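[1] Sequence first, then the predicted structure, then my questions.
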Amino acid sequence: MDREIWIALLMLFCSMVGFITNWMIVVFMWQTTKLKQPFAILTVALATIDATFSTLYLFYATPMVLFNISIFQSYSSICGFLLMICYDAGTIIHFVISLNRFLAVFTPILYHKIFSVVFTKYITLCVFVYTCIIITLFFGILGCENYYNPEVVAFSYSSQPICKVFALYGDFYEVLSLTVIGAAMDLVTIWKVLQMRIKTEKGKKDLNFLKQSLSQTIFVLTIVICFTWGPKVMPGKDFAFLFSSILWSAVHCFDGVFTLIFNGEVRKKLKNGSQVRSSFVSGARSFF
């Protein structure tokens with residue numbers, strides 16, 4: 001089987017899982033919480049970002065690779081632009097989720113002031129606006145492009161000098177800094193919760209939220225390391241797609257998987273069996 005087909009099948013798997021799990025989380029969390037909890041708002045925001053990314057990968061990027069669709073390749077920079085918005089916004093929301101859990105445990109009074117339901121929605125909106133401005137500046141105004149490169153079977157930055165500036169500061173340093181700080185906050189917060197030995201239902205719920213946040217953050221950090229040093233350890237075109245197309249999609253796929261594993265509200269919905277399927281259909285209709 002040709003390399004492109006194997007790549008497309010891997011892309012199909014990651015994007016399909018990401019598409020199903022993340023849209024499922026959006027619908028279930030909407031039904032369960034009505035977005036009246038700060039953590040639920042952030043979870044739905046992240047799931048929406050991941051679901052949008054996976055949708056673009058599933059219905060645009062994967063067919064483009066699998067069937068070598070030339071017209072898709074010609075306009076791949078538009079898809080790449082939207083993917084960059086999702087990736088950048090998702091990285092910041094990851095950090096905000098870690099900050100949310102950190103403040104909830106260490107400074108509850110400050111937490112309730114910052115992460116009220118209304119202000120959490122404003123924070124989420126500001127993240128989307130900021131991300132759209134930054135990505136539009138670099139990839140719309142200054143001429144950088146994130147396009148599909150058939151030679152490496154992956155999305156790549158164009159060769160303009162401004163792209164190198166963004167790749168270093170707007171991509172690597174920003175993502176690395178936010179994920180490292182987020183992971184550190186998650187670890188410290190989990191340590192604090194374990195020290196408090198809270199055995200109430202709320203304590204267990206908070207610990208599961210922390211596990212969700214830490215798992216997602218650690219996974220993103222691992223992917224960033226693979227993005228950066230993977231091609232140096234395993235150079236060559238045969239591995240270039242692995243450190244770009246596949247891992248990039250996997251970030252958004254596993255966000256949904258970790259939420260399904262650790263989020264109690266979603267798990268309860270899943271345990272209902274046939275009720276889940278009917279509620280998903282009715283919820284999707286009401287949501288969309």
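    Sure, I can see it. Numbering: from 1, shown residues only.

[2] For the stretch 101-250 of the chain, just list every one of the helices.
    With DSSP state H, counting those that start in this stretch as the criterion, the stretch 101-250 of the chain has helices at 108-114, 117-136, 161-165, 174-196, 201-233, 237-240, 247-262.

[3] So which residues make contact with the third one?
    Judged by CB atoms under 8 Å, 6 or more residues apart in numbering, the contacts made with helix 161-165 from elsewhere in the structure are Phe138, Leu142, Gly143, Cys144, Glu145, Tyr157. To be clear about C-beta, it is placed using only N, CA and C from the backbone, and glycine gets the same treatment.

[4] Stretch 47-67 too?
    Stretch 47-67 is touched from outside by 4-5, 7-9, 11-12, 14-19, 22-23, 25-26, 29, 69, 72-73, 76, 79, 82-83, 86-87, 89-90, 93, 148, 153, 155, 245, 249, 252-253, 255-256, 259, with contacts defined as CB under 8 Å, 6+ apart.

[5] For ChimeraX, write the select line for the buried members of the residues you listed.
    Buried residues among the contacts of stretch 47-67 (16 or more other CB atoms under 10 Å), as a ChimeraX selection:
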select :7,8,11,12,14,15,16,17,18,19,22,23,25,26,29,72,73,76,79,82,83,86,87,89,90,93,148,153,155,245,249,252,253,255,256,259
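
[6] tell me the phi and psi of Pro150?
    In terms of degrees, to the nearest 10, the main-chain angles of Pro150 are phi -60, psi -30.

[7] give the contact list for it.
    Each residue near Pro150 by CB under 8 Å, 6+ apart is listed here: Asn68, Gln73.

[8] Look up how far Ser245 lies from it.
    The spacing between Pro150 and Ser245, counted by CB to CB, to the nearest Å, is 12 Å.

[9] Mind checking which of the contacts of stretch 47-67 land in helices?
    Of the contacts of stretch 47-67, the ones assigned to helices by DSSP state H are 4-5, 7-9, 11-12, 14-19, 22-23, 25-26, 29, 72-73, 76, 79, 82-83, 86-87, 89-90, 93, 249, 252-253, 255-256, 259.

[10] tally of neighbours for the spatially closest residue to Ala167 that is not a sequence neighbour?
    Spatial nearest neighbour of Ala167, excluding adjacent residues (CB to CB, 6 or more residues apart in numbering): Tyr157 at 5.7 Å. Tyr157 is flanked by 20 other residues according to other CB atoms under 10 Å.
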